[in-house]
Each structure stands twice: as structure tokens, then as C-alpha cells.
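Q: predicted model and sequence follow; I will ask about them next.
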Amino acid sequence: MASVTSLTASVHQRLAAALTAALPEAGAADPLLRRSDRADYQANGILALAKKAKANPRELAAQVVSQVVTGDVIEEIEVSGPGFLNVTITDRAITENLAARAADSEGRLGVPRAEHPGTTVIDYAQPNVAKEMHVGHLRSAVIGDSVRQILEFTGETVVRRHHIGDWGTQFGMLIQYLDEHPHELDHKAAEVTGEEAMSNLDRLYKAARKKFDSDEEFKTRARRRVVDLQAGDPHTLAMWQKFVDESKIYFFSVFEKLDMEVRDPDIVGESGYNDMLAETCRLLEESGVAVRSEGALCVFFDDIKGPDGKPVPLIVQKSDGGYGYAATDLSAIRDRVFNLKANTLLYVVDARQSLHFKMVFETARRAGWLNDDVHAVQLAFGTVLGKDGKPFKTREGETVRLVDLLDEAIDRASAVVREKAQDLSEEEIAERGAQVGIGAVKYADLSTSANRDYKFDLDQMVSLNGDTSVYLQYAYARIQSILRKAGDVRPSARPELALTDAERSLGLHIDAFAETVAEAAAEHAPHKLAAYLYQLASLYTSFYDKCPVLKAETPEQVENRLFLCDVTARTLHQGMALLGIRTPERL
Ligand code: ARG
């Protein structure tokens, strides 16, 4: 048996049973259990239930207390105030529960898998071909990858889709230019670094743009190219493929720097749905979901209006026959629902695209592709701001290149690591610097709820104090150092020992890991996990300050405290891994 019933769940069960016994007409009533400062838990549900049953709350509370069995899990239960219940857990139950978590042979710390897992297709990390990646792409990648891992951890089947921007009119210009200057991208792909790949593309883009703006005949040829591309002309497609390949070299280098796994088969960009576009339009038109308006195929909505008060349609096909972003997304929905058999479609995309997704999802619902069993959610994220609180730009007012930011974070973090390092080699400093720097960037992004904007402030991100990944990584490394110093003395749970307050708080918090993961998964909210981990590290710090570990009073206490250190470390490690952040053994 790998999964462990949490103390919260056991207490909940006992109180719910006592409540049903005391007030049968309440049925499966919720005692509303919360962690509390006064006792370990407080149950707040009695008041409302008593009111509903026209009973005296204090009397009902006293009846519940008399029904609860104490001794094994519950040490003490008492009525407080107008009808609250305060519950204290036995020290033994806390230690035994943690021991069961540590003994989980799968290494999941007893975290159960979802009872009814489904299939989620998650659309994240979707940069655009032949373009630099910027901070917006950072957010989608970081949030998406964490949500993916959290969902997988709960047993959900997750299909990743990197919906890269690899289709559209600008490719006509690029392809035409490359066709006229055939050697501009010639090289053996394997030898090209990400940086070179991007500078090749950038050079080509600028040159093509210049010609496009100054040469009318080139412009005409470029426009014709788009038509050839969408019609599938083999030579044009081969040229287009060169751009995609060159861009992928660059994307992969950035994802590698981000310490993030992106797999080639999961990259299914806009072009991947080209064959479905005509049929998508036909289905929408035949069902009457979309109508022709001034030649274009449109879907109208009552509640979506432009600034002038007129309804804004979703344009599925333009009047010249061209398909845009909406047709692609609608086709992707059909693929994800009918071929990939998804129950949930998740889109980790900038909040500025919310109107687009609102219209696309509503269209798909009207068409019957989405319904009560298959639903789509945009995990809309806010904007990354500069220190001045305005959208993040360079001093020259240009968008900031993601790679430059990451390099700077790594530099800053390396400086912090070097300052603290006692016995680290240069090579180790470089490795830790990258793990700390990238961790800092990811954590800053994940620790605020996704829909909020946040300030990109590297000084704060790599600080050793406060709610940062560095603080968490140091807590982890400190534990590892204690475990190393313990030498032959092994961590070992000693349920017979009485616990101090600091040990109890730490233990009860570790027990809540499973519930936190479940909540973060259900709400697609990595920030809840980040907040949990920060509190874990803080509780560990107080424990460490108050309770000598290796110098504890008895050998049994040393073992039990080492055990607490060890489970804390494992929980930190697992939780950080779900955020995509490394926990180095030494710092
Ligand atoms: N490539 C787009 C961008 O950079 C994001 C794609 C979002 N996904 C989607 N299915 N539309 O803004």
C-alpha cells in the first residue's frame, strides 16, 4: 500500500462520523476542518449545522465530542467558544504517519493518485518560428511545465502540445527571399548552436523585410508564395521546413537553458492542422454555427462587442479564402478531442489572448466539440513587468530577449553561490549557478498566481532571504549536510517519543503535502504548491533553530530528528521537482 491517509483526512472522517451519529438528519455533514493556531485543528462546521437543525450549537458540539474515540490519532477534543471544536493530534500519530510516508516504496511520500484520472491536453511553450523568444514565452513554458508535472504526478494522462507559430503570411516573404538567396541558411544543422541559428534567422528576416518594403515586384512574388505554401507546393514546403528546423535548433537551446524537457513529437504547430482547416469551416458552416458575412466565414456572439458597441465576430475564414489563427485553434480542438481523446484542454496563454479563446471555446461548444464532459480552460497569465511597473522592455524600448534574461540570472546566481561556496570547484559553481539562477526565475514566476502581473526583479529573485527558490534550495542543502555529518547514525522514526511544538508543526505540515498537490492539480495552480514549500522551509528553519539535531539529548531523539530532517528534504525535493526546480545536494 503506497498511499497514506493524511491525518487531516483521518480526523475529518472521525468527526464526520461523530456528527452523523449526533445529528442523523444532517446526513454526510462537513465538520469544516481547518489547521489552527490554538490547537492542531479547528472544526467550524457545527454552528451552521446546529442552526439549520434548530439545535443548541454548544450542546451539539458536546455530543460530537462524546462520540469521538480518542487515544490513537486524536489526543484531545474540546468545545470552544460558541460551538467550535479544537482537536489535538497525538505525537505518536504524527510520527507514524510520517514514517508511513517515508516508507512509500514508490517514493511518492504516500501521495495518492486521483481516483478518476482523465486525459488532459496541455498547450504550452509555444514560441514563433523565425522570431526571438521573449518573457511571455517564459511564462507559458514555466507555468505549463509545472502544471504538466503536477497533473502527471496525480496520475492524469497528459499530452503535451507546443502550438508553435509556424504558419502564416510572413513565411511567404521569408521563403521567397531564401529562394532568391539560396545559400543563406546552408550548413549542417548539427553544428549550429541555438544562438547562431537565431542570428541567421534574424539576419534573414531583416533582409527579407527590407526588400519587401522597398521592392514592389518582390512583394508580389512574396504574396504568391503564401498561396503556394498553403496549397502544399513541395518546393515551397521544403524551403519552409528549413525555417522551422533552424528555429527548432534555437528553441531547443533555450528550453535546455531553462532545464526543461521539450520533445520533438510534441511540437505540433499551427501548420500541423493545415489539412483540417477546410473541413473545420465546412462543419461550422453546415451546422449554422458560422455564417458568411461580406465573404468571410464568421461566428457571432451576443455578449462580445467591440468598443463601438457592434458585435465582434470570430473570423474563421477570411474573404480571400485564407485561414487564420482561429481556424487553426478550432481544428486543434477537434484533433485533441476526437483523436487524442482529451477530457480537458488546457491552454497556458497570455491573458491578452483571452477574448480569442473565449470565442474559440464558445464556437466549439456550439459545434458540439466541447460539452459538459469535455471542457477547455485557458490558464491565462499576466504580464511580466520591469522594476518600474511597466511591461518589461529594454532601455531602448525593445522587448527583452529571453536568453539575455536567463544568462543574467545565471550570472547573478553564480555570484551568490561563489560567495557562499566553501569547498566548491569552478565547475561546481557553474553548475549550481545555473540551477540556482534558473530556479530563481521559475520560482518567481510560479510563486504568484498565474493571472497576476509580476515584476521581474533579479536582485529579489536570487536573494537568500524571503520567498525565493534560493531560500528553499539552501534549506534542502542544509539538511543534506546534516545527514552527511550524521555519518553512521541513520534517520529513524521513533513514534514513542514526545514531540516539541516545532516538531509537531513541521510534521503536520509535511502531512499536508498530498492535499496541497491535489489542490494545485485540480485548480491548475502551481503557486499553491510554491506557497506550501516556502512554509515548509520556514517551519524547518524554526525547528532547526529550536531543536538540536545531532546534539539532541538521547540517541533516539537524534534518530527521530534526523528522520524529520530526511522527510522534510524529500518533500522539498519532490515539491520543487514538480515546479521544475533542482535541489542541489550542496550549496
Ligand atoms: N504562438 C502564440 C504566441 O506566441 C501562442 C500560441 C498559443 N496557443 C494556441 N493554441 N493558440 O503568442
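A: On my side now, so go ahead.

Q: mean pLDDT per helix and strand in this protein: which one sits at the bottom?
A: Within the chain, no helix or strand scores below helix 46-52, which has a mean of 88 by mean pLDDT, DSSP states H and E.

Q: in whichever helix or strand comes after that one, what's buried?
A: For helix 46-52, the following helix or strand on the C-terminal side (DSSP states H and E) is helix 57-67. Of all the residues in helix 57-67, those buried under the rule 16 or more other C-beta atoms under 10 Å are 57, 58, 60, 61, 62, 63, 64, 65, 67. (C-beta placed from N, C-alpha, C; glycine too.)

Q: tell me what helix 57-67 is packed against?
A: Counting contacts by 3 or more C-beta pairs under 8 Å, 6 or more residues apart in numbering; DSSP states H and E, helix 57-67 packs against helix 7-22, helix 46-52, strand 74-80, strand 84-89.

Q: let's have those in a markdown table, adding distance to the ligand and mean neighbour count.
A: Converted to a markdown table, these look like this (distance: least, C-beta to the nearest ligand atom, whole Å; neighbours: other C-beta atoms under 10 Å):
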| stretch | distance to the ligand | mean neighbour count |
| --- | --- | --- |
| helix 7-22 | 38 | 20 |
| helix 46-52 | 44 | 18 |
| strand 74-80 | 50 | 17 |
| strand 84-89 | 46 | 22 |
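
Q: between these, which gets the lowest average pLDDT?
A: Lowest mean pLDDT within the helices and strands packed on helix 57-67: helix 46-52, a mean of 88.

Q: and the contacts of that one?
A: Helix 46-52 is contacted from outside by 19, 23, 26, 29, 31, 56-57, 59-61, 64, 82-85, using C-beta atoms under 8 Å, 6 or more residues apart in numbering.

Q: got the CA positions of it in CSV?
A: Output of helix 46-52 as CSV, limited to C-alpha atoms (Å, rounded to 0.1, in the frame of the first residue of the first chain):
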residue,chain,number,x,y,z
ILE,A,46,-21.1,22.7,13.9
LEU,A,47,-22.5,26.2,14.2
ALA,A,48,-24.2,26.3,10.9
LEU,A,49,-25.4,22.7,11.2
ALA,A,50,-26.9,23.4,14.6
LYS,A,51,-28.6,26.5,13.3
LYS,A,52,-30.1,24.5,10.5
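
Q: for residue 188, give me the pLDDT.
A: Per-residue pLDDT puts residue 188 at 62.

Q: what comes up buried for stretch 297-316?
A: So, applying 16+ other C-beta under 10 Å, buried residues of stretch 297-316: 297, 298, 299, 313, 314, 315, 316.

Q: among the residues you listed, which one sits closest to residue 512?
A: Closest to residue 512 out of the buried residues of stretch 297-316 is residue 314 (43.4 Å), distances taken as C-beta to C-beta.

Q: the residue lying closest to the closest one once chain neighbours are set aside: neighbour count?
A: Leaving aside its sequence neighbours, residue 314 sits nearest to residue 359 (C-beta to C-beta, 6 or more residues apart in numbering; 4.0 Å). By the measure other C-beta atoms under 10 Å, the count of residues near residue 359 is 22.

Q: next one: residue 359, what pLDDT does it get?
A: What the model reports for residue 359 is a pLDDT of 97.

Q: isn't it up against residue 311?
A: No - using C-beta atoms under 8 Å, residue 359 is not in contact with residue 311, being 10.9 Å away.

Q: give me the common contacts of these two.
A: Listed as contacting both residue 359 and residue 311 by C-beta under 8 Å, 6+ apart are 301, 304.

Q: with distance to residue 572 added, can I get the helices and strands packed on helix 57-67 in a markdown table?
A: Shown next, in a markdown table, are those (distance: least, C-beta to C-beta, whole Å):
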| stretch | distance to residue 572 |
| --- | --- |
| helix 7-22 | 20 |
| helix 46-52 | 36 |
| strand 74-80 | 28 |
| strand 84-89 | 22 |
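
Q: for residue 564, give me its contacts.
A: With contacts defined as C-beta under 8 Å, 6+ apart, residue 564 is in contact with 98, 503, 506, 507, 543.

Q: and the fourth one, how far from residue 475?
A: If I follow you right, that is residue 507. From residue 507 across to residue 475, the span is 16 Å (C-beta to C-beta, to the nearest Å).

Q: out of the buried residues of stretch 297-316, which comes closest to the ligand?
A: Nearest to the ligand among those is residue 314, at 13.1 Å by C-beta to the nearest ligand atom.

Q: the closest one bridge partners, please.
A: Partner residues in beta bridges with residue 314, using DSSP bridges, are residue 299.

Q: can you verify my assumption that it contacts residue 358?
A: No - taking C-beta under 8 Å as the definition, residue 314 is not a contact partner of residue 358, at 9.3 Å.

Q: mind exporting stretch 77-90 as CSV, just the C-alpha atoms?
A: Output of stretch 77-90 as CSV, limited to C-alpha atoms (Å, rounded to 0.1, in the frame of the first residue of the first chain):
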residue,chain,number,x,y,z
ILE,A,77,-11.0,17.2,21.5
GLU,A,78,-12.8,20.0,23.3
VAL,A,79,-15.6,22.5,22.7
SER,A,80,-14.5,26.1,22.4
GLY,A,81,-16.4,29.4,22.1
PRO,A,82,-20.0,29.2,20.8
GLY,A,83,-19.6,25.7,19.3
PHE,A,84,-16.2,25.2,17.7
LEU,A,85,-14.2,22.1,18.2
ASN,A,86,-10.5,22.1,19.0
VAL,A,87,-8.6,19.0,18.1
THR,A,88,-5.1,18.0,19.1
ILE,A,89,-3.3,15.1,17.5
THR,A,90,-1.2,12.5,19.3
